[in-house]
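Novice: Quick one: sequence plus predicted model below, questions after.
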Amino acid sequence: MKASEYAKMTTADLQSELAKLKAQLFNLRFQLAAGQLTNTGLLTSCKKDIARVSTIIRQRELNIAQEPTGKKAK
């Protein structure tokens, strides 16, 4: 997903997405160790998605970016 798509999500949704991505990364690492992972690029993309989500959550904690309200600014 792109960062702009993550930015549209609520903080609660981001936290659940982060948990899902971390579980996915765990499974990918397990597959890599077992020799079952054919596309190793999935590891990199999963790590980057985790970083994107973590960054947006942290920005909201520091009030750098506001949580989306559903209304567009004029």
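Specialist: Here it is on my side, so go on. Residues are numbered from 1 along each chain as shown.
Novice: Which parts of this protein are helices?
Specialist: 3-7, 11-34, 41-61 (DSSP state H).
Novice: In CSV: those, plus mean pLDDT and mean neighbour count.
Specialist: Quick note: C-beta positions are derived from backbone N, CA and C, even for glycine. Formatted as CSV, these follow (pLDDT from 0 to 100; neighbours: other C-beta atoms under 10 Å):
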stretch, mean pLDDT, mean neighbour count
helix 3-7, 91, 13
helix 11-34, 97, 14
helix 41-61, 95, 15
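Novice: Find the residue closest to residue 25 in space, skipping its chain neighbours.
Specialist: The shortest distance from residue 25 to any non-neighbouring residue, by C-beta to C-beta, 6 or more residues apart in numbering, is to residue 46 (4.8 Å).
Novice: Residue 4 and residue 52, how far apart?
Specialist: 10 Å (C-beta to C-beta, to the nearest Å).
Novice: can you check residue 8 too?
Specialist: On the measure of C-beta to C-beta, residue 8 and residue 52 end up 13 Å apart.
Novice: quick one: contacts of stretch 50-61?
Specialist: Applying C-beta atoms under 8 Å, 6 or more residues apart in numbering, the set of residues contacting stretch 50-61 from outside is 1, 3, 6-7, 11, 14-15, 17-18, 21-22, 25, 65-67.
Novice: any idea how far that stretch is from the chain center?
Specialist: Averaging C-alpha positions (C-alpha atoms, centre = their mean, to the nearest Å) puts stretch 50-61 8 Å from its chain's average.
Novice: likewise stretch 52-64?
Specialist: 11 Å.
Novice: I'd assumed residue 15 was in contact with residue 9.
Specialist: No - applying C-beta atoms under 8 Å, one finds residue 9 not in contact with residue 15, separated by 9.7 Å.
Novice: list the contacts for residue 48?
Specialist: Contacts of residue 48 by C-beta under 8 Å, 6+ apart: none found.
Novice: Skipping adjacent residues, who's closest to residue 31 in space?
Specialist: Using C-beta to C-beta, 6+ apart, the nearest residue to residue 31 is residue 37, at 4.1 Å.
Novice: What is the neighbour count of that neighbour?
Specialist: 16 (other C-beta atoms under 10 Å).
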